[in-house]
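Participant: dropping a prediction and its sequence here:
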Amino acid sequence: MSLIEHVRPLKNKLTAIRRDIHAHPELAFQEHRTAELVARHLESLGIETHRGIGGTGVVGVVRGGHGLRAVGLRADMDALPITERNTFAHASTVAGCMHACGHDGHTTMLLGAAEALVAKPHFDGTVYLIFQPAEEGEGGAVAMIEDGLFDRFPMEAVFGMHNWPGMEAGNFAVHTGPVMASADRFDIRFTGVGAHAAMPHLGVDPVVAGAAFVQAAQTLVSRVLDPIEAGVVSVTQFHAGEAYNVIPDRAELCGTVRTFSAEVRDRLEQGLRQMAEGIALSHGVQVDFQFRRGYPPTVNTAAEAALCAEAARAVAGSERVFTDRRPSMGAEDFAYFLQHKPGAYVWIGNGPGEGGCTLHNPNYDFNDEVMPVGVAYWSELVRRLLGAVK
Ligand SMILES: [Zn+2]
Ligand SMILES: [Zn+2]
C-alpha cells in the first residue's frame, strides 16, 4: 500500500474540517474559533496541547519512542481581508474575509498529520505541531518566537508547507536556498517651497525631485546589484499637488523592495537612502527617508531541503518532485523560524489556477484532493527526520 493510501481513510473527515474552517475565516491574531477548533481536535487525539502562544497560536506535542530529538512542523491559520466570490456551500460566511491563501488547508493537513502520527507513533522523538497566527503580513511567527516557542519547545529543525496553484495537484517543489523573498517598504517625503506655477523661480519644486528619484531608483537593480543576484525596487505611490497652477511644497513617494539575501537587502536599503539624499541635495529640497523592514527572505537549509525532497519522492514518486523551480518574489512569515533553526518550506501543487483559483484571488479554494498527499508527506518526513523506533 502506498503512503498516500495509508492516510486516505482520513480524507472525508479532513475535508469536512477544512470546509468548516473555510466557511469561518478569521483575520490575523483573531483566529480564536480556528485555534479552539485546532486545540480541541488535538486534545481529542490525546495530544498534549498548549494554547495562546504568541496570541492565538497553538502547539501540539506528539511523542514516539524514547528518543530525545525533536522537530517542528508548522501550519498557518489566518485568512485575508477579501470578499469571497465563490458560491459553493462552504464559501465564507464572514463578509470581507476569506481563506484565499489556503491556510485552511494547511491547518487541516497538519491536523491530519497529528492523527496519522498518533495512530502510528513509529518515530523516535518528539514532534511539535505549530499552528501559527497571522502569517499574512502581521508577523505571527515573530509573536510565537518572542513568546518563547523555541525555549518551551526546543527543536532541532522546523518545516513548513504551502499550497501552490499553477502546479499540478500533489506535485512538490523543494528549493535549496531561497524560496521566498524579503518584503520591505519605503516612504520618502521631499519638502520644497510652494509657489505660483507661473513663477517657479520663487519656489523649490519637490515634484521634479520626486520624478528624478523615480528615474534614478531604476538604476539600483541594473547598476548596483551583482547581475547574478535578484532584486525588485518598485515605486508604487507618488502623491503631490492639488491644483493646475500651484507648485506644491511636498511630494510623497512609497514603494516596496524584494530580495533573496541579507546582503542584497542591505545594499538596496543603503542605495535608496543615498539616492534620496543625493537627489534632495541636488534639487535643494529637504528629504525624510523611512525604510521599514518586513519579512526577511525565506532560505531553506540544504540538508533539510534534501530530506524534504526525499520524503516527497517517497510519497508522490520522483517524477512529481521538482528541485529546480525558481523561487517566488512573494514573502512568507516562515522566514523568521528559519532565522533561528535549520529547516525547509516546500510547495505542494494545488492544481491549475483556472477560474481565478490563484493565491489571494476572490475565487480561490484549497484543493481537498491534495490533503492525503500533504498528510502522507508530513508523516513520512517525521519518520525520516527522527528515525524509526529502535
Ligand atoms: Zn497569502
Ligand atoms: Zn499563504
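Facilitator: Done, it's in. Ligands and ions are numbered 1, 2, ... in the order given.
Participant: so which bits of stretch 106-125 are buried?
Facilitator: 106-118, 123-125 (16 or more other Cβ atoms under 10 Å). C-beta: built from backbone N, CA, C; applies to glycine.
Participant: in strands, which of those fall?
Facilitator: Members of those lying in strands (criterion: DSSP state E): residue 125.
Participant: show me where the protein has helices.
Facilitator: Ranges of helices in the chain, per DSSP state H, are 3-7, 11-23, 32-44, 103-119, 140-146, 149-152, 206-219, 262-283, 302-316, 334-340, 371-386.
Participant: which other residues reach the second one?
Facilitator: Put plainly, it is helix 11-23. Helix 11-23 is contacted by residues 34, 37, 41, 89-93, 98-99, 104-105, 107-109, 111-112, 365-366, 368, 371-372, 375 when judged by Cβ atoms under 8 Å, 6 or more residues apart in numbering.
Participant: export it as PDB, just CAs?
Facilitator: The C-alpha coordinates for helix 11-23 follow below in PDB (Å, rounded to 0.1, in the frame of the first residue of the first chain):
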ATOM      1  CA  LYS A  11      -9.800  12.300   3.700                       C
ATOM      2  CA  ASN A  12     -13.600  12.700   4.200                       C
ATOM      3  CA  LYS A  13     -13.200  13.800   7.800                       C
ATOM      4  CA  LEU A  14     -10.400  16.200   6.900                       C
ATOM      5  CA  THR A  15     -12.400  17.700   4.000                       C
ATOM      6  CA  ALA A  16     -15.300  18.400   6.400                       C
ATOM      7  CA  ILE A  17     -12.900  20.200   8.900                       C
ATOM      8  CA  ARG A  18     -11.200  22.100   6.000                       C
ATOM      9  CA  ARG A  19     -14.500  23.300   4.700                       C
ATOM     10  CA  ASP A  20     -15.700  24.300   8.100                       C
ATOM     11  CA  ILE A  21     -12.600  26.400   8.600                       C
ATOM     12  CA  HIS A  22     -13.000  27.900   5.100                       C
ATOM     13  CA  ALA A  23     -16.600  28.900   5.900                       C
END
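Participant: wait, isn't residue 381 in contact with residue 311?
Facilitator: Yes - here residue 381 reaches residue 311: they are 4.1 Å apart, a contact under Cβ atoms under 8 Å.
Participant: so which residue is smack in the middle of the protein?
Facilitator: residue 332 (2.2 Å; Cα atoms, centre = their mean).
Participant: any chance of the helices of the chain in JSON lines, plus mean pLDDT?
Facilitator: Below are the helices of the chain laid out as JSON lines (pLDDT from 0 to 100):
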{"stretch": "helix 3-7", "mean pLDDT": "92"}
{"stretch": "helix 11-23", "mean pLDDT": "98"}
{"stretch": "helix 32-44", "mean pLDDT": "98"}
{"stretch": "helix 103-119", "mean pLDDT": "98"}
{"stretch": "helix 140-146", "mean pLDDT": "98"}
{"stretch": "helix 149-152", "mean pLDDT": "98"}
{"stretch": "helix 206-219", "mean pLDDT": "98"}
{"stretch": "helix 262-283", "mean pLDDT": "97"}
{"stretch": "helix 302-316", "mean pLDDT": "98"}
{"stretch": "helix 334-340", "mean pLDDT": "97"}
{"stretch": "helix 371-386", "mean pLDDT": "97"}
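Participant: any chance of the ones you listed in a markdown table, plus distance to residue 175?
Facilitator: Listed next are these as a markdown table, based on distance: least, Cβ to Cβ, whole Å:
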| stretch | distance to residue 175 |
| --- | --- |
| helix 3-7 | 22 |
| helix 11-23 | 26 |
| helix 32-44 | 28 |
| helix 103-119 | 18 |
| helix 140-146 | 19 |
| helix 149-152 | 23 |
| helix 206-219 | 28 |
| helix 262-283 | 17 |
| helix 302-316 | 7 |
| helix 334-340 | 12 |
| helix 371-386 | 16 |
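Participant: quick one: closest of these to residue 243.
Facilitator: helix 206-219 (12.2 Å; Cβ to Cβ).
Participant: where does pLDDT dip in the stretch 101-250 of the chain?
Facilitator: Scanning the stretch 101-250 of the chain for pLDDT under 70 picks out nothing.
Participant: sorry, back to before: right, so of the helices of the chain, which gets closest to residue 70?
Facilitator: helix 371-386 (8.2 Å).
Participant: centre of the chain to the closest one, how far?
Facilitator: Remark: helix 371-386 is offset 21 Å from the chain centroid, using Cα atoms, centre = their mean, to the nearest Å.
Participant: measure how that helix sits relative to helix 302-316, angle-wise.
Facilitator: Here the directions of helix 371-386 and helix 302-316 differ by 140 degrees (axes from the mean of the first three to the mean of the last three Cα atoms, to 10 degrees).
Participant: so which elements touch helix 371-386?
Facilitator: When contacts are defined as 3 or more Cβ pairs under 8 Å, 6 or more residues apart in numbering; DSSP states H and E, helix 371-386 packs onto helix 3-7, helix 11-23, strand 70-76, helix 103-119, strand 125-132, strand 157-164, helix 302-316, strand 343-349.
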